[in-house]
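[1] Structure here, sequence nowhere to be found:
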């Protein structure tokens, strides 16, 4: 068989070959891109694992020496007087602070693994908010701050883990008080419908930039190092808060503007989802 290539056929073949070459180049670029993304994912997974293991090991390793330090500090306080007793009280106070940090690390590990059970009970939202506000009101009074409690009539009841709900609200409220100037107002509100309850805490503090707001729930992240260091903490409180909210099948977010304050919102289902009672 004799095949004669006309100029038109040659041009058509050249065009086809150009198209094939372009598609092949694109495919090769995609393969390279997929390889890069895969490598980045593996590296991020390793970093996430290392971070998780650090939290776990550090939490456990802090507990053992702390138990001895706190034990001997209590003995020293109970069997001394004067300045030695004051030193013992200072050791106890800072030791207990470290113990809370270690507990936070381990609790975060358990929460992220989904290995912390919820102890569910039905409760009145109004009662929970009032109790938490009463705990933190003296802290606000020291700074001349007013806490406004605004609870909608239909807020009703919710089934949740009471201890976790106290911590969720307490972490957010204590932050609002600590990071707001004196003589300002903190508003705590609740409303609900047939399916969910929405809780919010709004302050008149320094607020957050969009970048800070996007990272505020990350472990160990501190929006303002100088301010946070002066107030204490290592940046786990809001991370734990987020994990406790998620354990209830809820969601949490922040709305904030720099120099205009922040508002944290928590939405919880009337009945906690996927939890063990």
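    The structure has been received and is ready for your questions. In this text the structure is predicted, and so the values were computed from the model without any measurement.
[2] And residue 90, what's its pLDDT?
    Per-residue pLDDT puts residue 90 at 86.
[3] and it, which of the three is it?
    Here residue 90 is recorded as helix under DSSP: H, G, I helix; E, B strand; the rest coil.
[4] With the one 5 residues further on instead?
    Here residue 95 is recorded as helix under three-state DSSP.
[5] what's the answer for residue 217, then?
    Secondary structure, three-state DSSP: residue 217 is coil.
[6] Okay, residue 153 and residue 126: tell me how far apart.
    Between residue 153 and residue 126 the computed distance is 10 Å (Cβ to Cβ, to the nearest Å). Every C-beta, even on glycine, is put in place using the N, C-alpha and C of the backbone.
[7] Give me the below-cutoff pLDDT ranges for the stretch 1-150 of the chain.
    Along the stretch 1-150 of the chain, segments meeting pLDDT under 70 span 1-14, 16-17, 20, 27-28, 30-60, 63, 106, 109-115.
[8] Go again with 50.
    By pLDDT under 50, the low-scoring segments of the stretch 1-150 of the chain are 2-4.
[9] The protein: strands as residue ranges?
    Per DSSP state E, the chain carries strands over the ranges 120-124, 146-151, 157-161, 185-192, 196-202, 251-257, 261-269.
[10] Identify the residues contacting stretch 72-79?
    84-85, 87-89, 91-92, 95 (Cβ atoms under 8 Å, 6 or more residues apart in numbering).
[11] List the buried residues in it.
    73, 76-77 (16 or more other Cβ atoms under 10 Å).
[12] Repeat that for stretch 85-93.
    Applying a neighbour-count criterion of 16+ other Cβ under 10 Å, one finds 88, 91-92 buried in stretch 85-93.
[13] Please give the number of neighbouring residues around residue 221.
    Neighbours of residue 221 under the rule other Cβ atoms under 10 Å: 15.
[14] so who does residue 157 touch?
    By Cβ under 8 Å, 6+ apart, the residues touching residue 157 are 122-125, 270.
[15] Quick check: bridge partners of it?
    For residue 157, the beta-bridge partners under DSSP bridges are residue 124.
[16] excluding its backbone neighbours, what's nearest residue 66?
    residue 99 (5.3 Å; Cβ to Cβ, 6 or more residues apart in numbering).
[17] same question, residue 160
    Excluding its sequence neighbours, the residue lying closest to residue 160 (Cβ to Cβ, 6+ apart) is residue 272, at 5.3 Å.
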